[in-house]
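S.K.: Pasted the sequence and its predicted model underneath.
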There are 2 protein chains.
Amino acid sequence: MKYLFTPGPVPLPHEVASSGARPMIGHRSEEFSALLLRLQNRLRDLLKSSGPVILLPSSGTGALQSLVENLLRPGDVVISVSCGQFGLRFREMASRMDCQIVPVDVPWGGAVAPEAVVEAVKAHPETRAILLTHNETSTGVINPIHAIASALPKERPLLLVDVVSSLGVTPCLPEAWGVDALAGASQKGLLCPPGVGVVWLSPRAWEALESLGHPKSFYFDLLGYKDSMERLQSPYTPPISLCYSLDAALSLLAERGYAKWWKERRRFAAAFAAGVEAMGLDLLVSQKRHRSPGVTAIKTPEAKRLKDVLYGMGVEVAGGLGALNGQIVRVAHYTDMAWPEMCLILGSIYGAAKSTGLSVNASFLDAAQRVWEEDVPCGKC
Amino acid sequence: MKYLFTPGPVPLPHEVASSGARPMIGHRSEEFSALLLRLQNRLRDLLKSSGPVILLPSSGTGALQSLVENLLRPGDVVISVSCGQFGLRFREMASRMDCQIVPVDVPWGGAVAPEAVVEAVKAHPETRAILLTHNETSTGVINPIHAIASALPKERPLLLVDVVSSLGVTPCLPEAWGVDALAGASQKGLLCPPGVGVVWLSPRAWEALESLGHPKSFYFDLLGYKDSMERLQSPYTPPISLCYSLDAALSLLAERGYAKWWKERRRFAAAFAAGVEAMGLDLLVSQKRHRSPGVTAIKTPEAKRLKDVLYGMGVEVAGGLGALNGQIVRVAHYTDMAWPEMCLILGSIYGAAKSTGLSVNASFLDAAQRVWEEDVPCGKC
């Protein structure tokens, strides 16, 4: 058997994988419009917003690209907040568009402090947009987007948020939080294969877009998408099999209940973290409240060997990216994992750590179970 | 039962649909690199080229967008040849990029004459690129790309070709033909679900790209893709389930033998055309040699009703796009259709035509069968 613990793609629920194999339908058919309407309603529920949600035939990076190309213009001042590799990627996109970047850099493993963003906005009142990452997959940090948005002055730049690795696994409530644009993807918290980008804009961002007009990119023209969506169409061929999968996955999440699901994912993350620490290994993210419910990074000088030994056992985890290459292993827990999977992954890490000569304690399962059995183990959802 | 005769998405072979439902793998794994290598080799075989083939997480429109963004710059003079809606779309992309468009327009239903392209190049020697559509899905025309390329002077602009609806269903040999860039897609002749864009560049186009440098689009950066491909990686998350499907589909085509497959598709198209004409309905494309092996357009003032009646029977065909809206129905035959499917589609059209009050002749099957049983019915492949 093979076990996938990478932070996207994630193992698919059976219903999701089998739905994707259903026969094709024409994308100009009534059936497809009905599917699109269902997806639209489910995503609106998930985001607690009545606004349109755009589905792009792209990876999450494409969804981010669409935000940059639609909402930014050359010369715009952009505050780019980064606490890891994916924050830098978002920045690179704006930089390619010839925006003037105001970097706000947070040490990797830490979260973004609202004050740091507020200060940057005060120092650059001409700023057009702020780029933020909700869940930084490269470090396993989740940023307090709500707190950041709340700390900003009322007259403020557009707030563009990368939710590629947070959407589905944790509350993501742009309307309630005062966010202007989200870019997400199918293959992590939405429990689908990769290939669908998800974009949401606030009424204010749609207005900004109307005044900016069509972007240079025909493919990523969000106004064109919105016009099509109003007729329950896609401007060009949508990834139909992936839409089937998304429909099945959103149905699973809705049946489970979002609040319950989010709590379960947090509980798994907290118990897993407790197990890893009890084993004697370090977590990259020291502050509990900033730990991601989707992915956990273990910091060890033996990261590369640990990852390779796990791979040899049939357990695939991810390594570090960029500056953290060779320094961490990343274990994802986006899917419906419970106690048996906890034993599998903690036990495998324990065995692999011993094989690589690391000194580890055997009491890790007790520590994990204590957290697992707490009733409300990890704060409100 | 439902029958899909739309020009993409097309009905999937069982092996293709079921392969797409296989468990996810990490995209940084050895398994994924092996899959990418296999896809690379199969696509090189299909194109008869040793150059790299790029797979994009996008629809075909995204693959075209990548050509425009990488190979054109604002102000470039671009000859845009159009004989239908998709030629216009390619033009719109270059126009959005602020290129200077030299339009060459061919009446819809006709093919592009090499002389028209040669004349435009002579009149605009400063031209940076020529945009061409191989198979014009909106009319059912296939253009003589090889003849066009051969007619051009040796020192010539870059030749960028939309093969979205030709790749897989007909020979597409860019190296032998002297083409510089191709953009294709998964959901038509490649018999897959939508969601993968395919890009091929000639050594000359790669050189042009090196000298132009990285495009403004991070997502569609083909140089970045090429660098990743050399390490058998994808720069960001690839659509893994669709890669599985593509692997299965290319394997089917290779087993069947490309030349045989292309001949079978042409034979189906020719026999279908004969059947439609014998029924007394008009084809949009009057010249046999310009008829697409993948899609056939029937011209009738009752197009909308004919399409609706067929839809009511469970047979989905496409209507006309743009200027041909309400004037044609389009029937696709990309997949493994043979005589039984011929009877199904011709008989359904016959029944639907009678229901809509069209005067049709009953002898259509004989006419189709005569062409079907000819040994080499439709020219060389």
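M.R.: Received the coordinates, thanks.
S.K.: Give me the neighbour count for the nearest residue to residue A:252 once chain neighbours are set aside.
M.R.: Nearest residue to residue A:252, sequence neighbours excluded (C-beta to C-beta, 6 or more residues apart in numbering or on different chains): residue A:13, at 5.9 Å. The C-beta positions use only the backbone N, C-alpha and C, and glycine is treated the same way. When neighbours are counted by other C-beta atoms under 10 Å in any protein chain shown, residue A:13 registers 18.
S.K.: Can you name the residues that contact residue A:64?
M.R.: The contact partners of residue A:64, by C-beta atoms under 8 Å, 6 or more residues apart in numbering or on different chains, come to A:89, A:90, A:93, A:162, A:164, A:183, B:219.
S.K.: Next one: it from residue A:112, what distance?
M.R.: Applying C-beta to C-beta, to the nearest Å, the value for residue A:64 to residue A:112 is 17 Å.
S.K.: try residue A:251
M.R.: For residue A:251 relative to residue A:112 (C-beta to C-beta), the value is 33 Å.
S.K.: what's the answer for residue A:49, then?
M.R.: For residue A:49 relative to residue A:112 (C-beta to C-beta), the value is 23 Å.
S.K.: One more: residue A:144?
M.R.: In this view, residue A:144 and residue A:112 are 7 Å apart by C-beta to C-beta.
S.K.: The two - which one has more neighbours?
M.R.: Using other C-beta under 10 Å, the more surrounded residue of residue A:144 and residue A:112 is residue A:112, with 25 against 17.
S.K.: What pLDDT is listed against that one?
M.R.: Looking at residue A:112, its pLDDT is 98.
S.K.: before we move on, what about residue A:365?
M.R.: 98.
S.K.: Number of residues surrounding it?
M.R.: By other C-beta under 10 Å, the residues close to residue A:365 number 19.
S.K.: Repeat that for residue A:75.
M.R.: Here the number of neighbours of residue A:75 (other C-beta under 10 Å) works out to 10.
S.K.: Isn't it up against residue A:97?
M.R.: No - the pair residue A:75 / residue A:97 is not scored as a contact, 9.5 Å apart, by C-beta atoms under 8 Å.
S.K.: ok, the spatially most central residue of chain A - contacts?
M.R.: Nearest residue to the geometric centre of chain A (C-alpha atoms, centre = their mean): residue A:165, 1.3 Å. For residue A:165, the contact set (C-beta under 8 Å, 6+ apart) comprises A:7-8, A:60, A:86, A:134-137, A:185, A:188-189, A:292, A:294-295.
S.K.: was I right about residue A:246 contacting residue A:192?
M.R.: Yes - the pair residue A:246 and residue A:192 qualifies as a contact (C-beta under 8 Å) at a distance of 5.2 Å.
S.K.: For the two, list the residues in contact with both.
M.R.: residue A:186.
S.K.: Compare those two and say which is more crowded by neighbours.
M.R.: More crowded of residue A:246 and residue A:192, by other C-beta under 10 Å: residue A:192, with 32 against 28.
S.K.: pLDDT value on that one, please?
M.R.: Looking at residue A:192, its pLDDT stands at 98.
S.K.: For the residue nearest to the centre of chain A, give its distance to chain B.
M.R.: Computed as C-beta to the nearest C-beta, to the nearest Å, the residue A:165 to chain B distance reads 11 Å.
S.K.: same check, this time on residue A:355
M.R.: Taking C-beta to the nearest C-beta, one finds residue A:355 at 19 Å from chain B.
S.K.: likewise residue A:272?
M.R.: From residue A:272 across to chain B, the span is 19 Å (C-beta to the nearest C-beta).
S.K.: thought that residue was touching residue A:332?
M.R.: No - Residue A:272 is beyond contact range of residue A:332, at 10.3 Å (criterion: C-beta under 8 Å).
S.K.: list the residues that contact both of those two?
M.R.: Common neighbours of residue A:272 and residue A:332, using C-beta under 8 Å, 6+ apart, are residue A:296.
S.K.: Of those two, which one has the most company?
M.R.: The residue with more neighbours, out of residue A:272 and residue A:332 and counting by other C-beta under 10 Å, is residue A:332; that gives 29 against 26.
S.K.: what's the burial count for the nearest residue to the more buried one once chain neighbours are set aside?
M.R.: Nearest residue to residue A:332 in three dimensions, chain neighbours excluded: residue A:7, at 3.9 Å (C-beta to C-beta, 6+ apart). Neighbour count of residue A:7, defined by other C-beta under 10 Å: 26.
S.K.: Ok, the one 10 residues further on next?
M.R.: A total of 20 residues lie near residue A:17 under the criterion other C-beta under 10 Å.
S.K.: still on that earlier bit, filter the contacts of residue A:64 down to the buried ones.
M.R.: Buried members of the contacts of residue A:64, counted by 16 or more other C-beta atoms under 10 Å in any protein chain shown: A:89, A:90, A:93, A:162, A:164, A:183, B:219.
S.K.: Looking at the contacts of residue A:165, which is nearest residue B:201?
M.R.: Nearest to residue B:201, judged by C-beta to C-beta, of the contacts of residue A:165 is residue A:60 at 25.6 Å.
S.K.: could you point out which element follows the longest helix belonging to chain A?
M.R.: Taking DSSP state H as the criterion, chain A has its longest helix at helix A:258-279. Scanning forward in sequence from helix A:258-279 by DSSP states H and E, the next helix or strand is strand A:282-283.
S.K.: So what touches that following strand?
M.R.: Applying C-beta under 8 Å, 6+ apart, the contact partners of strand A:282-283 are A:140, A:273, A:276, A:277, A:291, A:296, A:297, A:298, A:299, A:300.
S.K.: Mind checking the pLDDT average for that strand?
M.R.: For strand A:282-283, mean pLDDT is 98.
S.K.: Okay, now the sheet partners of it, with direction.
M.R.: Sheet pairing of strand A:282-283 (DSSP bridges) gives strand A:295-299 (antiparallel).
S.K.: Please state the offset of the strand it pairs with from the chain centre?
M.R.: 15 Å (C-alpha atoms, centre = their mean, to the nearest Å).
S.K.: Now the closest residue to chain B within the stretch 51-200 of chain A. Nearest residue, chain neighbours left out?
M.R.: Taking C-beta to the nearest C-beta as the measure, the point where the stretch 51-200 of chain A comes nearest chain B is residue A:195, at 3.3 Å. In this structure, residue A:195 finds its nearest non-sequential neighbour in residue B:239, 3.3 Å apart by C-beta to C-beta, 6+ apart.
S.K.: Could you do residue A:236 as well?
M.R.: residue B:61 (4.3 Å).
S.K.: isn't the one you found right up against residue A:218?
M.R.: Yes - counting by C-beta under 8 Å, residue B:61 touches residue A:218, with 7.2 Å between them.
S.K.: Could you tell me which residues touch both of these two?
M.R.: Jointly contacting residue B:61 and residue A:218 under the rule C-beta under 8 Å, 6+ apart are residue B:89.
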